[in-house]
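1. when you get a sec, could you give me coordinates for this:
(2 chains)
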Amino acid sequence: MWKSLIKEIDMPDHTEIDLYNYDEFVPEKFERWMRFDDSPPVGKLVPDFPLWNLDRSTTSLKTEITKHAYTIVEFGSFT
Amino acid sequence: MNKVAVDFENSDIGSVFIYTHEAHPGENYPHLTSMDQKFRHAEALRDVYGVTRRILLDALNGACHRHFGSMPNMTWIFNRSGVPVYKSDWSDPYSVRNALEYYLEIPNRRKAGERLAPFHVERLDYRNQERELFYESLERNGPKAIVEFRKAFPSG
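-> Down below sits the predicted model:
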């Protein structure tokens, strides 16, 4: 199931995917993504999003953040 | 952040790392073009940087990351209802620890008879920039990452 989901998300809009996964750290490519001021407010429910475990199984944001009294979610990458 | 996760795991606090996109792509870890590559980079994050928290991958188009403001290394805390109670545009273990200690006191304050109501607070916290570690990580990404960062931030 995860393979079809990944393929679906890999394919639909290459422009969006390419822009998001910029190939150079230059202001015209990375600054558009620094949008913390537009992020959702605290105190309001947020929509759910699909996520993947490292073993390729699927999960979702809602599944993960409703398991504990509180859940810390750090966003980042290797680079 | 790993230590914060360990220190609070017995207090019903969960902790996950969501893998986003390459902020400083280089020759060794270039920009992402497929989910397979994203899985490989996420595994490298676990193995090279020793991230012991569960690593979850966002979609290749960054739908989740973008919804929350797409900052390169930010932290949010959610309560069990799925409501964000803390958001920070950079990750700082001191700030996160401070917030968790505050939230964990809430049940005790209620038990003590306080009638608590939520309110909003805005605060400027301070993080350790860890410049040496940052430049070491750029080197790991590849020379291109260093050149581009120095060009974008000459005084960085």
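2. most remote residue from chain B's center?
-> residue B:113 (35.0 Å; Cα atoms, centre = their mean).
3. that one in helix, strand or coil?
-> Here residue B:113 is coil, with the state taken from DSSP: H, G, I helix; E, B strand; the rest coil.
4. look up phi and psi at it.
-> Main-chain torsions, residue B:113, degrees, to the nearest 10: phi 100, psi 0.
5. residue contacts, it?
-> Contact partners of residue B:113, counting by Cβ atoms under 8 Å, 6 or more residues apart in numbering or on different chains, are absent. (C-beta placed from N, C-alpha, C; glycine too.)
6. hey, where'd the helices end up in the chain?
-> With no chain named, the answer covers chain A. A:2-10, A:14-20, A:27-30, A:61-65 (DSSP state H).
7. hm, I was asking about chain B
-> Under DSSP H, chain B gives helices at B:2-8, B:35-49, B:63-67, B:93-111, B:131-141, B:143-152.
8. now the third one: buried residues?
-> So the one you mean is helix B:63-67. B:63-67 (16 or more other Cβ atoms under 10 Å in any protein chain shown).
9. same question, the fourth one
-> Residues of helix B:93-111 classed as buried by neighbour count (16+ other Cβ under 10 Å): B:93, B:95-97, B:99-100, B:103.
10. and the helices of chain A, which one's lowest on average pLDDT?
-> For these, the weakest mean pLDDT is recorded on helix A:2-10, namely a mean of 51.
11. what residues are up against the nearest residue to residue B:68 once chain neighbours are set aside?
-> Sequence neighbours aside, residue A:39 is the residue nearest to residue B:68 in space, at 5.2 Å (criterion: Cβ to Cβ, 6 or more residues apart in numbering or on different chains). By Cβ under 8 Å, 6+ apart, the contact list for residue A:39 reads B:67-69, B:87.
12. appreciated, that's everything.
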